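S.K.: Any chance you could fold what I've pasted below:
(2 chains)
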Number of protein chains: 2
Amino acid sequence: MNAVKKAVVLSSGGVDSTTAMAIAKAEGYEIFSLTFDYGQRHKIELEAAKKVANALEAKRHLVLFIDLRVMGGSALTDDIEVPEYQDRNRHQGEIPVTYVPARNTIFLSFATAWAEVLGALDIFIGVNSIDYSGYPDCRPEYIDAFERMANLATKTAVQGKSRLKINAPLISLTKAEIIRKGTELGIDYGLTHSCYNPLSDGRPCDKCDSCIIRKKGFAEAGIPDPIEQRGSYPGHRVYIA
Amino acid sequence: MNAVKKAVVLSSGGVDSTTAMAIAKAEGYEIFSLTFDYGQRHKIELEAAKKVANALEAKRHLVLFIDLRVMGGSALTDDIEVPEYQDRNRHQGEIPVTYVPARNTIFLSFATAWAEVLGALDIFIGVNSIDYSGYPDCRPEYIDAFERMANLATKTAVQGKSRLKINAPLISLTKAEIIRKGTELGIDYGLTHSCYNPLSDGRPCDKCDSCIIRKKGFAEAGIPDPIEQRGSYPGHRVYIA
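M.R.: Next comes the predicted model:
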């Protein structure tokens, strides 16, 4: 009998999903890493996800191509300019143009399908509702509603054999708490990539939401970002909230 | 001001989704037809979906490629043999191997994304829970749960501007009722395709669930199937439930 618990982990190669993967691993799950090639502006993210899956000894690392560009609607996949960081407090309730319509819903749907095929009962997603850039599909009530829907959608659940769980272990953590947690778990954040809009040589732009949130997170955690340590990170400004 | 109501309609080129599209059109919606190329055994379905979108004057017809085959788990995308029709009454609670894991969830997720980009508040899906082949994601409670989740996932909904509705107008109809309804609306079912496992010349196999349910439906509706009328349908057996 194989008693290994399997988990499908959504991975973007960034700080959050890498930390979620390390948490799943620490909890004893066999990791099935799932990454999407969805017409991002750059492929650095895909490279990072692969390195992370290797470093965390994922059983499989699956990259699925999905064409979100045909739908448009986001600075991450379209020709809309990626905006520079703006303080959330000044923009209560606004959702940034980097929002990709229904992205987490699409990602979790594929994760649900793969989980069913693998016989996995757990999906891990690195969303958080604190330093989350204002995306609606990063909130706890959204995750709960997805889990409820998925348990009505799948054969396993309908046959009453088991229940699929959507694990969002970072959902109530700040970026600094996430980074501290991951550092305790031994993550090399030097493998990860966060920037929405990297320079032509692959370095982070140091201006977008994702770069600034990362920088603040490491600063608040009191931990040096290995990307900066290695000299691959150009900026030296540190923002403290 | 453009007061046209837009609807994203999931279309497989089969009887049900075509009828759902005709209902949306009759209700005054501008149609945005969405079809998936998901590694089906055959492309006839995609051709049918295109013909249907043209016939029903869809504003756009979008074919999205998604690779479900990498996940395996279904006779529709794998090398598992497609089974011949078996009476549902003898197989209570069993889910057929033609079930594709989380397929409707994946399809509805993309439809939700497109709806948000288009500013459409309605999605139409041709599922029905009567002659539905036993798939869990064709039941009313599933559709309701998806709608609830989608309204927590999207920018429009979160900003309280509007509410997305998942319309499943066929959900409580038998196949015969669906065919009568579509015939009243003027659908040429000769454009549609149903078979899971067509012969090499494109003719339906006359043996799979989908062929048999179609045949029963036309027989019960007392309407000749134009596919058979045209001589493109090989079988002559008629099954009455």
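S.K.: In contact with A:Gln18, which residues?
M.R.: Actually, residue A:18 is Thr rather than Gln. Contact criterion CB atoms under 8 Å, 6 or more residues apart in numbering or on different chains gives A:Ser11, A:Val52, A:Leu56, A:Gly126, A:Gly182, A:Ile187, A:Tyr189, A:Leu191, A:Thr192 as the residues in contact with A:Thr18. (Each C-beta comes from the backbone N, C-alpha and C, glycine too.)
S.K.: So which of those is the closest to chain B?
M.R.: Top of the list for closeness to chain B, among the contacts of A:Thr18 and by CB to the nearest CB, is A:Ser11 at 15.8 Å.
S.K.: Find me whatever residue is spatially closest to A:Ile143, sequence neighbours aside.
M.R.: In space, A:Ile143 comes closest to A:Ala168 once its chain neighbours are excluded; the distance is 4.9 Å by CB to CB, 6 or more residues apart in numbering or on different chains.
S.K.: right, and that neighbour touches A:Ile125 too?
M.R.: Yes - counting by CB atoms under 8 Å, A:Ile125 is a contact partner of A:Ala168 at 5.4 Å.
S.K.: which residues are common contacts for those two?
M.R.: A shared contact of A:Ala168 and A:Ile125, defined by CB under 8 Å, 6+ apart, is any residue touching both; here these are A:Ala20, A:Ile143.
S.K.: Counting neighbours, go ahead and name the busier of those two.
M.R.: Using other CB atoms under 10 Å in any protein chain shown, the more surrounded residue of A:Ala168 and A:Ile125 is A:Ile125, with 27 against 23.
S.K.: For that one, give me its contacts.
M.R.: Neighbouring residues of A:Ile125 by CB under 8 Å, 6+ apart: A:Val9, A:Leu10, A:Ser17, A:Ala20, A:Asn104, A:Phe107, A:Leu108, A:Ala111, A:Ile143, A:Ile166, A:Asn167, A:Ala168.
S.K.: Next, count neighbours for the spatially closest residue to the fifth one that is not a sequence neighbour.
M.R.: Yep, that's A:Asn104 we're talking about. What sits nearest to A:Asn104 in space, not counting adjacent residues and going by CB to CB, 6+ apart, is A:Asp137, at 3.9 Å. Around A:Asp137 there are 28 other residues, counting by other CB under 10 Å.
S.K.: Does A:Asp137 fall in a helix, a strand, or a coil region?
M.R.: Each residue gets one of three states, and A:Asp137 gets helix by DSSP: H, G, I helix; E, B strand; the rest coil.
S.K.: got a pLDDT number for it?
M.R.: Reported pLDDT at A:Asp137 in the predicted model: 86.
S.K.: I'd guessed it sits against B:Ala153; true?
M.R.: Yes - with contacts counted by CB under 8 Å, A:Asp137 reaches B:Ala153, the gap being 4.5 Å.
S.K.: Please identify every residue contacting each of the two.
M.R.: Contact criterion CB under 8 Å, 6+ apart; residues shared by A:Asp137 and B:Ala153: A:Ala102, A:Asn104, A:Thr105.
S.K.: can I assume the last one sits in a helix?
M.R.: Right, A:Thr105. Yes - A:Thr105: assigned to a helix according to three-state DSSP.
S.K.: I'd like the distance between the closest residue to A:Ala22 other than its chain neighbours and chain B.
M.R.: Using CB to CB, 6+ apart and skipping residues adjacent in sequence, the residue nearest A:Ala22 is A:Leu185, 4.2 Å away. Distance of A:Leu185 to chain B, given as CB to the nearest CB, to the nearest Å: 29 Å.
S.K.: Show the backbone phi and psi for A:Leu56.
M.R.: In terms of degrees, to the nearest 10, the main-chain angles of A:Leu56 are phi -100, psi 20.
S.K.: residue ranges for the strands of chain A, please.
M.R.: Taking DSSP state E as the test, the strands found in chain A are A:5-10, A:29-37, A:60-65, A:122-124, A:165-167.
S.K.: Least reliable of these by average pLDDT, please.
M.R.: Averaging pLDDT over each of those singles out strand A:60-65 as the lowest, with a mean of 90.
S.K.: Kindly calculate the angle that that strand makes with strand B:60-65.
M.R.: Taking axes from the mean of the first three to the mean of the last three CA atoms, to 10 degrees, strand A:60-65 and strand B:60-65 form an angle of 160 degrees between their directions.
S.K.: Next, the buried residues of strand A:60-65.
M.R.: Judged by neighbour count (16 or more other CB atoms under 10 Å in any protein chain shown), strand A:60-65 contains these buried residues: A:His61, A:Leu62, A:Leu64.
S.K.: For that strand, name the packing helices and strands.
M.R.: With contacts defined as 3 or more CB pairs under 8 Å, 6 or more residues apart in numbering or on different chains; DSSP states H and E, strand A:60-65 has these neighbours: strand A:29-37, helix A:44-55.
S.K.: which parts of the last one are buried?
M.R.: In this case it means helix A:44-55. A:Ile44, A:Glu45, A:Leu46, A:Ala48, A:Ala49, A:Lys50, A:Lys51, A:Val52, A:Ala53, A:Ala55.
S.K.: lowest-pLDDT helix or strand in chain A?
M.R.: Taking mean pLDDT, DSSP states H and E as the measure, chain A has helix A:155-158 as its least confident helix or strand, at a mean of 64.
S.K.: ok, for A:Leu121, nearest residue in space, not its chain neighbours?
M.R.: Across the structure, with CB to CB, 6+ apart as the measure, the residue nearest A:Leu121 apart from its sequence neighbours is A:Ser162 (5.3 Å).
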